[in-house]
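Enquirer: Here is the input, now give the coordinates:
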Amino acid sequence: MPAGPVFDRELVISARRPRLFFIRSLYVTALLLLVCTAWLVITGTQVVRTVGDMARFGSILFTVLAPLQLALMAFFSAFSAAAAVAQEKDRRTLLLLLMTRMGNHELVLGKLLASLLNVLVMIVAALPLFTILLLFGGVSIEQVLRVFLVTLAVALASGSVGSTIALWREKTFQSLALTALAIILWIGFWEAAYALGSSGLTDREVLRQTAAACSPVRAILTAARPDVAQTGAIGILGGIGPFLLIAVGVILSLNAVAILFVRRWNPSREVRRQSRDDNQQREEVAEDEAARSAHVDSRERQTASEAIATRHPWDNPVLWREMCTWAYGRKVVFIRIVYALLVVATAVLLWGMQSGDAQAAAEATRTAIPAVAQPLVPFFMVSLVILNALAVTSITGERDGQALDLLLATDLKPKEIVFGKLLGVMYVAKETIIAPLIIAMILWLLGGISTENYITVTIGLLVMDLFVAVLGIHTGMTYANSRSAIGVSLGTVFFLFLGVATCILMMISFSGSFQAQLAPFLALILGGGVGLYVSLGAKNPSAAIGLASLLVPFATFYAITSFLLQHHLAAFLVTIVAYGFTTAALLIPAIYEFDVEMGRTSGGE
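Expert: Model (predicted):
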């Protein structure tokens, strides 16, 4: 095939793996469960009498599912492509691929399409489910096709971003963090430009149209609107045509850059420098051995010089390595710079919202979701994603680099290794912990939130930071395959965020009676609990993890309803208790069952 032998191999092997069929079946089942939940919500709180009521239900449900699928496919594509390339680098198998007769285009395109195979299968599998919505009315086949064209274009563009960044960067954490920042900045920049262009001034119409053509969010909302449909193929794509052209240009440009520079980027300077250092060290060892065998004074002088150059680690060498060395590469500084730009952009946006007229602010506070939460939620999410990515790669990087076997051969205690990694991860990613707290403090000083809300937000952020860090370490130790560990860890974080967002959107869209919606969401809550247990506790069963997996979805649902009913303290207490218990449930087995889980000893011993 034109994609090359890498994609051919993945295409043949994936068809033999049950995982390919399980993932697409699980995805379609989850979407079907959302459809059934939405139907139970509307029939339990409203009376459906006419065909128009059915059509309105189908139209609203379609506008809920389309952005949800776009968000899932965008992030899954980006992280799947980045993790696939990063795993090849960590295992040093990318160097073997570069030594083959494959061309650059076969390597880049083959690895990209192979990593996106599961995502593409999920998109195709969801198409019949979306066509079922046509039976409700209010949705046309043209809308479905436009939505899937936009979703496919965003998935390929996001995958190209992740693949290109992973080929450019050396460390797995660098690839994942920069990919997350690139996707968030892509969406956030054009959404801010669209909001600025929609301020009502005629001279900003060009800015609004440009942002609508470049923003994936605007493209999916345009594709889901029924008033865009016209006769003819050109008329059908009229609303999303500019975005599709820009997306194709982004895909071609990124892959062209990757094809052109893949052999310049790999092997990287760090690998070359390490190879030279290893060769130099071998030569010095050989010279030292010769000197020692020749004269005793040479050995004494060499020992003295080595003693001067030696760096003495702390009592916990794991923590010392994380805090005092460039364990994740020197390019972490570049990630901090990009993240600082995101912090500044969020602060400027919040300042603009707070300096607006009082009438608009009062109108925003009367809505179910405060206006200040719109820029804060994506910012908090990307901060937690970066922290979680660093935590999981701190373990998977050791395993892929075959350094974990050496670590397990030492006399370090399990708590020294686990807490060393945990504290080291939080130190390296300290910006993602401190910056959200500073943003919340500034918002409180400007009067955007009350003192009670500031305290609850601060404590809640610290609890969630600890949760995602422990989650990353737990999944990194549980799954031997790096891609599986990264996928489960980041997938759990996205499931929690997107699940909460979807539930809020469904509650607001279909009914205002939040107290009576537990029964319709019961199947969704139980399904989420089972999924969490399978992901977190199936390989290492634990009664505490099982209880936490069932507790978190119920607690999250209660926190959502309490938040929408303006009961902020109840939502805060439930969230702290639920996620605090889940953190302990993941951390305690990681310490006390570390030897068995990591293979240091057997279960019988």
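Enquirer: Next, the residues that contact whichever strand or helix holds Val343 from outside, please.
Expert: Element membership for Val343, per DSSP states H and E: helix 332-354. By C-beta atoms under 8 Å, 6 or more residues apart in numbering, the residues outside helix 332-354 that reach it are 173-174, 177-178, 181, 184-185, 188-189, 192, 326, 361, 371-372, 375-376, 379, 382, 386, 428, 431-432, 435, 439, 442-443, 446-448. (Each C-beta comes from the backbone N, C-alpha and C, glycine too.)
Enquirer: Any of the residues you listed buried? List them.
Expert: 173-174, 177-178, 181, 184, 188, 192, 361, 371-372, 375-376, 379, 382, 386, 428, 431-432, 435, 439, 443, 448 (16 or more other C-beta atoms under 10 Å).
Enquirer: quick one: which of these sit in helices?
Expert: With helices defined by DSSP state H, the entries of the buried ones among the contacts of helix 332-354 inside them are 173-174, 177-178, 181, 184, 188, 192, 361, 375-376, 379, 382, 386, 428, 431-432, 435, 439, 443.
Enquirer: From Ile473, how far out is Pro313?
Expert: From Pro313 across to Ile473, the span is 21 Å (C-beta to C-beta, to the nearest Å).
Enquirer: counting contacts, what elements does the helix or strand containing Ala571 pack onto?
Expert: Assessed by DSSP H and E, Ala571 sits inside helix 568-592. Packing partners of helix 568-592 (3 or more C-beta pairs under 8 Å, 6 or more residues apart in numbering; DSSP states H and E): helix 414-428, helix 451-478, helix 543-564.
Enquirer: Could you check how far that helix is from the centre of its chain?
Expert: Averaging C-alpha positions (C-alpha atoms, centre = their mean, to the nearest Å) puts helix 568-592 21 Å from its chain's average.
Enquirer: give the contact list for Val35.
Expert: 61, 65, 129, 132-133.
Enquirer: cool, and Pro5?
Expert: Residues near Pro5 by C-beta under 8 Å, 6+ apart: 102, 106, 110.
Enquirer: Could you say which of the residues you listed is surrounded by the most neighbours?
Expert: The residue in the contacts of Pro5 with the most neighbours, by other C-beta atoms under 10 Å, is Gly110 (24 neighbours).
Enquirer: pretty sure it contacts Ala3?
Expert: Yes: counting by C-beta atoms under 8 Å, Ala3 is a contact partner of Gly110 at 4.8 Å.
Enquirer: what's the longest helix in this protein?
Expert: The chain, longest helix under DSSP H: helix 51-90.
Enquirer: Kindly provide the distance from the closest residue to Ala125 other than its chain neighbours to Ala126.
Expert: Nearest residue to Ala125, sequence neighbours excluded (C-beta to C-beta, 6 or more residues apart in numbering): Arg24, at 4.1 Å. Distance of Arg24 to Ala126, given as C-beta to C-beta: 8 Å.
Enquirer: And these two? Which one has more around it.
Expert: Between Arg24 and Ala126, counted using other C-beta under 10 Å, Ala126 has the larger neighbour count: 22 against 19.
Enquirer: Report the contact partners of that one.
Expert: Going by C-beta under 8 Å, 6+ apart, Ala126 touches 27-28, 31, 69.
Enquirer: Most neighbours among these, which one is it?
Expert: Counting neighbours by other C-beta under 10 Å, Gln69 comes out on top of the contacts of Ala126 with 24 neighbours.
Enquirer: these two touch, right, that residue and Thr151?
Expert: Yes: with contact defined as C-beta under 8 Å, Gln69 reaches Thr151; the gap is 5.8 Å.
Enquirer: Look at Arg263 and tell me its secondary structure.
Expert: Here Arg263 takes the helix state, with states given by DSSP: H, G, I helix; E, B strand; the rest coil.
Enquirer: can you check Val47 too?
Expert: coil.
Enquirer: Could you check how far it is from Ile240?
Expert: From Val47 to Ile240 the distance is 36 Å (C-beta to C-beta).
Enquirer: same deal with Trp351?
Expert: 33 Å.
Enquirer: Thr502 now?
Expert: With distances taken as C-beta to C-beta, Thr502 is found 23 Å from Ile240.
Enquirer: Compare the two (neighbour count), which wins?
Expert: Taking neighbours as other C-beta under 10 Å, Thr502 and Ile240 compare with Ile240 leading, 23 against 19.
Enquirer: wait, what's in contact with the more buried one?
Expert: For Ile240, the contact set (C-beta under 8 Å, 6+ apart) comprises 146, 149-150, 219, 222-223, 228.
Enquirer: repeat that with 7 Å
Expert: By C-beta atoms under 7 Å, 6 or more residues apart in numbering, the contact set of Ile240 is 146, 149-150, 219, 222-223.
Enquirer: Please narrow these to those residing in helices.
Expert: If you go by DSSP H, those have 146, 149-150, 219, 222-223 in helices.
Enquirer: Which of those lies at the shortest distance from Ala543?
Expert: Within the ones in helices among the contacts of Ile240, proximity to Ala543 (C-beta to C-beta) peaks at Val150, which comes in at 44.5 Å.
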